[in-house]
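*Asks:* Have a look; sequence and predicted model below, questions after that.
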Amino acid sequence: MDDYIIARVIHVASILLWIGGVAFVTMVAMPAIRQQSEPNERLSAFHKLENGFAWQAKIWVLLAGASGFWMVWRAEMWDRFLESHFWWMHAMLILWIIFMVMLFIAEPLFLHRRMAASKTPAEDFSKMEMLHRILTLFGIITVLGAVAGSHGLI
């Protein structure tokens, strides 16, 4: 079962860095950009910052998915997806799918181009900030549920 323990370590570390990174961007970086940049410059300021960590987010999301899949497969936990009291398993999968779509499909195929050519950068930054808040909240609820659920609390 050593491979399962290694997968869990990778999973916890990748979730920590992924969701922690999203929380940092949402609760620290975006408010700082809002405070220090003019409304029409905020989107541009965010993209300059984002270039430094976007590749890291992709790595953490991929590792979280691969290690999560490995643990479900290795421990034969597929039936948990059929039971509602394992809601946190569903939440983890949904959150992972959302980020996979955003990072590997939406952003490279059209979102980066659309944001670069934005005619309403202040409005787009506000929408992006709200989306980050929602995803951060969903991520925090999911992590809390997963930790409590995997230890038998719920």
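*Replies:* Okay, I see it.
*Asks:* Could you use CA atoms for every contact and neighbour count after this?
*Replies:* OK.
*Asks:* give the contact list for residue 67.
*Replies:* 7-8, 10-11 (C-alpha atoms under 8 Å, 6 or more residues apart in numbering).
*Asks:* can you pick the most crowded of the residues you listed?
*Replies:* Neighbours here mean other C-alpha atoms under 10 Å. Within the contacts of residue 67, the largest count is held by residue 11, at 23 neighbours.
*Asks:* Check it and give its pLDDT.
*Replies:* pLDDT for residue 11: 97.
*Asks:* Then residue 115?
*Replies:* At residue 115, the model reports a pLDDT of 87.
*Asks:* And for the one 10 residues further on?
*Replies:* The pLDDT attached to residue 125 in the predicted structure is 95.
*Asks:* And it, how far from residue 100?
*Replies:* 21 Å (C-alpha to C-alpha, to the nearest Å).
*Asks:* same deal with residue 73?
*Replies:* Remark: distance between residue 73 and residue 100 (C-alpha to C-alpha) = 20 Å.
*Asks:* next one: residue 30
*Replies:* Counting by C-alpha to C-alpha, the gap from residue 30 to residue 100 is 21 Å.
*Asks:* Looking at those two, which is more packed in?
*Replies:* Under the criterion of other C-alpha under 10 Å, the comparison of residue 30 against residue 100 puts residue 30 first, with 22 against 17.
*Asks:* Report the contact partners of the more buried one.
*Replies:* Counting by C-alpha under 8 Å, 6+ apart, residue 30 makes contact with 46, 129.
*Asks:* Check residue 138 too.
*Replies:* residue 95.
*Asks:* Helix or strand: which one has it?
*Replies:* helix 121-150 (DSSP states H and E).
*Asks:* can you pull the buried residues of that helix?
*Replies:* Buried positions in helix 121-150, judged by neighbour count with 16 or more other C-alpha atoms under 10 Å: 121-122, 124-126, 129, 132-133, 135-136, 138-139, 142-143, 145-146, 149.
*Asks:* cool, and stretch 21-33?
*Replies:* 21-23, 25-26, 29-30, 33.
*Asks:* now, which of those sits nearest residue 153?
*Replies:* Nearest to residue 153 out of these is residue 23 (C-alpha to C-alpha; 24.7 Å).
*Asks:* Does that closest one touch residue 136 like I think?
*Replies:* Yes: using C-alpha atoms under 8 Å, residue 23 makes contact with residue 136 at a distance of 5.7 Å.
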